[in-house]
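> Predicted model, plus sequence, below.
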Amino acid sequence: MLLEATKVSKAFGSFWAVAGADLTVEEGEIIGLIGPNGAGKSTFFNCLAGDTLPTGGRIMFDGKDLTRASPEVHARAGIGRTFQVPMTFEDMSVLDNVMVGAFLRHPHRNEAREHARRIVELTGLRHDQLGRSLGTPGRKRLGIARVLATEPRLLLLDEALAGLTPTELQEAIALLRKIHETGVTIVIVEHIMEVIMTLTRRVLVFNQGHVIASGRPEVVVRDEAVIEAYLGRGSRRQRE
Amino acid sequence: MKRLSSQRLGVCLLSLALLLYPIVFSSPFYRDIGVTFLLAAISASAWNIVGGYAGQVSVGHSMFFGLGAYTPLLFYTLWGWPPIAGIPVGIVLSVALSVAIGLPTFRLSGHYFSMATIAVAELIRIYFGTWTLVGAAIGLQGPATGRGWWDLTFRSELPYYYMFLAVLALVLGVTFAVERRRFGFYLSAIKASERAARSLGVPVRQTKLQALALSAAFTSTAGSLYAAKTGFIDPDSGFGILVSVQMVIIAALGGAGTLFGPLVGALILIPLQTAVNTKFGGGGSGLTFIVYGGIIVLIARFEPGGLSELWQRLAPYLQRRARAA
């Protein structure tokens, strides 16, 4: 088992954004995390990446307890994440952005540069472009490239493909496939069902902080509880 | 490639100009301006490491400057040590202070960090103003005449000039090395987004502390050099807020977070300040504040990136024109 999150909870005041969520990830999987807006997916992600301290529960990664560890420790342990809104280092070039990630495992500049260069090429970006001059697709790609440079074993992608055109989407899916083939385990939060259906073998559905369904994507999308979560309780009657 | 060599040429010319300046301008007045300029450039370059590269805008760097200035003169007053022996002690004290200050204040960011640093520097200034061991409000004096070179007390400005120039070269050399290493990349990443930096495994607090400690060590050295040159220090000239503000303004004017930004800033501000002071004499002592205020307004309104960013915008245009002509 690569990642084992049990009964993870996060409360903001009296509101439980995540309430006892479980997730186990085997090495080599691609798992989709879906659910309506405000279901707690991003908060759950933040707990897994160490960005938010969970109120309760336990997060084990590769046999180590990372529940209360900082994001730096998570990165070093091998959990990488992207952000829903890409946090590009605006004044740095694409290569320099990626080098920041590469320095984690390659402390020397030349090695870090070589490693970053390979990853920039893999993601199809231009080395010398300035962070601030990138559009949304470029920023999302750069976000992936940057975290990839830290050589994660588990990659947490928070809507890394939202806001792309259909062509860009196909390219991005191909990129994720390539990354997966290199042996990186992926958990992906996504609203675009096309991505989920083509990439993942297993899907978890989040609603109100709980996992309400899980299984193969084509089965899950027909699950009554899932449809209800997205469309509301009256939906069944209306459909009949 | 061509750009790199033109940059190298610029650095060579600048070094040559700085080396020859006191020989060409041999009157004490001009040499004094040169020394003041170098000192300001050292302080601002030291500030630049944490304030510019890491984006942690400290407005309390006078605390390190003051410690560096007081320590050699205190040891001289107490035990007759040569001031040069107090410099390393000042550095050690400043680094210790930087860690003690950094641990709690780096939990704050943006303006809150700046305000916390002002508060600490002001507390130290007020405390030194009542502490009799360090001369309270009157301050401390160094040796009137040097017993040897190690007293760093010279009649001529010339030894000071070259000593300060060597220290400036050292500070810029270290900054250049920092810029190219992992440490420098981490500082830029922290400046851009702490959260993103952290997610990539950057040990943010540790890196910020290291930057502050390095910056404090150099700022302290600048303070020691100031004390050696003037042979006198009091709470205002050591820990006054104007000392901190001058570092911030010089770096921001030239371009914070760039290698030569503080140098360029000092090149403009110090002659300007001297001109204002000589024109208005003692009657215009409050004018420094007005000049600083005016510069802050101009930078904030028109060129938040400082002159180096303006230059980067203009350079391609000028090059094209030069080629066309």
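Cool, the structure landed.
> In chain B, which residue sits nearest chain A?
Sorted by distance to chain A under CB to the nearest CB, the residues of chain B start with B:G201, at 3.3 Å. Where C-beta positions appear, they are placed from N, C-alpha and C, glycine not excepted.
> Please give me every residue in contact with that residue.
For B:G201, the contacting residues are A:72, A:75-76, A:101, A:104, A:150, taking CB atoms under 8 Å, 6 or more residues apart in numbering or on different chains as the criterion.
> can I assume it sits in a helix?
No: for B:G201, which was evaluated using DSSP: H, G, I helix; E, B strand; the rest coil, the result is coil, with no helix membership.
> Identify the residue nearest it in space, chain neighbours excluded?
A:A75 (3.3 Å; CB to CB, 6 or more residues apart in numbering or on different chains).
> Neighbours of residue 196, how many?
Chain wasn't specified; assuming chain A. Using other CB atoms under 10 Å in any protein chain shown as the criterion, A:I196 is surrounded by 21 other residues.
> wait, I meant chain B there
There are 25 residues near B:A196, going by other CB under 10 Å.
> Please identify which helix or strand holds it.
Using DSSP states H and E, the element containing B:A196 is helix B:194-199.
> what's that helix packed up against?
Using 3 or more CB pairs under 8 Å, 6 or more residues apart in numbering or on different chains; DSSP states H and E as the contact criterion, the neighbours of helix B:194-199 among helices and strands are helix A:71-77, helix B:182-192, helix B:204-230.
> Which one, of those, ends up nearest to A:I212?
For these, proximity to A:I212 was assessed by CB to CB; helix A:71-77 is nearest, at 26.6 Å.
> And that closest one, what's buried?
When burial is assessed from 16 or more other CB atoms under 10 Å in any protein chain shown, helix A:71-77 yields the following buried residues: A:71-75, A:77.
> Ok, stretch A:143-163 next?
A:143-162.
> tell me which parts of chain A are close to chain B?
Chain A comes close to chain B at residues A:49, A:51, A:70-72, A:74-76, A:80-81, A:83, A:87-92, A:96, A:99-101, A:103-104, A:107-109, A:112, A:131, A:146-147, A:149-150, as judged by CB under 8 Å from any CB of the partner chain.
> Now do the helices in the stretch 51-200 of chain B.
According to DSSP state H, counting those that start in this stretch, the stretch 51-200 of chain B carries its helices in the segments B:62-79, B:83-105, B:111-128, B:158-180, B:182-192, B:194-199.
> Pick out the residue in chain A sitting closest to chain B.
Nearest residue of chain A to chain B, counting by CB to the nearest CB: A:A75, 3.3 Å away.
> about what we covered before: can you point out the buried residues in the helix holding B:A196?
Burial within helix B:194-199, assessed by neighbour count using 16+ other CB under 10 Å, is assigned to B:194, B:196-199.
> What are the contacting residues of it?
Residues outside helix B:194-199 that contact it (CB under 8 Å, 6+ apart) are A:49, A:51, A:70-72, A:74-75, A:80-81, A:83, A:87-89, A:100, A:146-147, B:109, B:186, B:189-190, B:204.
> how about the CA coordinates for that helix, as PDB?
In PDB, the C-alpha atoms belonging to helix B:194-199 read as follows (Å, rounded to 0.1, in the frame of the first residue of the first chain):
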ATOM      1  CA  GLU B 194       5.700  30.500  -0.100                       C
ATOM      2  CA  ARG B 195       3.000  27.900  -0.500                       C
ATOM      3  CA  ALA B 196       4.200  26.700  -3.800                       C
ATOM      4  CA  ALA B 197       7.800  26.700  -2.700                       C
ATOM      5  CA  ARG B 198       6.900  24.600   0.300                       C
ATOM      6  CA  SER B 199       5.000  22.100  -1.900                       C
END
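> How far away from the center of its chain is it?
In this view, helix B:194-199 has its centroid 28 Å away from the chain centroid, taken as CA atoms, centre = their mean, to the nearest Å.
> And stretch B:59-78, by the same measure?
14 Å.
> buried residues in that stretch?
Neighbour-count burial for stretch B:59-78, counted by 16+ other CB under 10 Å, picks out B:59-77.
> Repeat that for stretch A:35-50.
By 16+ other CB under 10 Å, the buried positions in stretch A:35-50 come out as A:35-36, A:39-50.
> quick one on the thing from earlier: can you redo the helices of the stretch 51-200 of chain B as TSV, where the extra columns are mean pLDDT?
Formatted as TSV, the entries for those read as follows, by pLDDT from 0 to 100:
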stretch	mean pLDDT
helix B:62-79	94
helix B:83-105	93
helix B:111-128	93
helix B:158-180	95
helix B:182-192	96
helix B:194-199	94
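> can those go into JSON lines with extra columns for distance to A:A21?
As requested, the helices of the stretch 51-200 of chain B are arranged in JSON lines below (distance: least, CB to CB, whole Å):
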{"stretch": "helix B:62-79", "distance to A:A21": "47"}
{"stretch": "helix B:83-105", "distance to A:A21": "35"}
{"stretch": "helix B:111-128", "distance to A:A21": "34"}
{"stretch": "helix B:158-180", "distance to A:A21": "43"}
{"stretch": "helix B:182-192", "distance to A:A21": "31"}
{"stretch": "helix B:194-199", "distance to A:A21": "21"}
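> Out of the ones you listed, flag the one nearest B:P271.
helix B:158-180 (15.5 Å).
> what about the closest one, near chain A?
Yes: counting by CB under 8 Å from any CB, chain A is contacted by helix B:158-180 at B:R180.
> Enumerate the positions of that helix that are buried.
B:158-161, B:163-165, B:167-168, B:171-172, B:174-175, B:178-179.
> List of residues touching it?
Contact partners of helix B:158-180, identified using CB under 8 Å, 6+ apart, comprise A:109, B:18-19, B:21-22, B:31, B:34-35, B:38-39, B:41-42, B:45-46, B:48-49, B:53, B:149, B:152, B:154, B:184, B:187, B:214, B:218, B:221-222, B:225, B:228-229, B:259-260, B:263.
> mind redoing it with 7 Å?
Contact with helix B:158-180 is made by A:109, B:18, B:22, B:31, B:34-35, B:38-39, B:41-42, B:45-46, B:48-49, B:154, B:184, B:218, B:221, B:225, B:229, B:259, as judged by CB atoms under 7 Å, 6 or more residues apart in numbering or on different chains.
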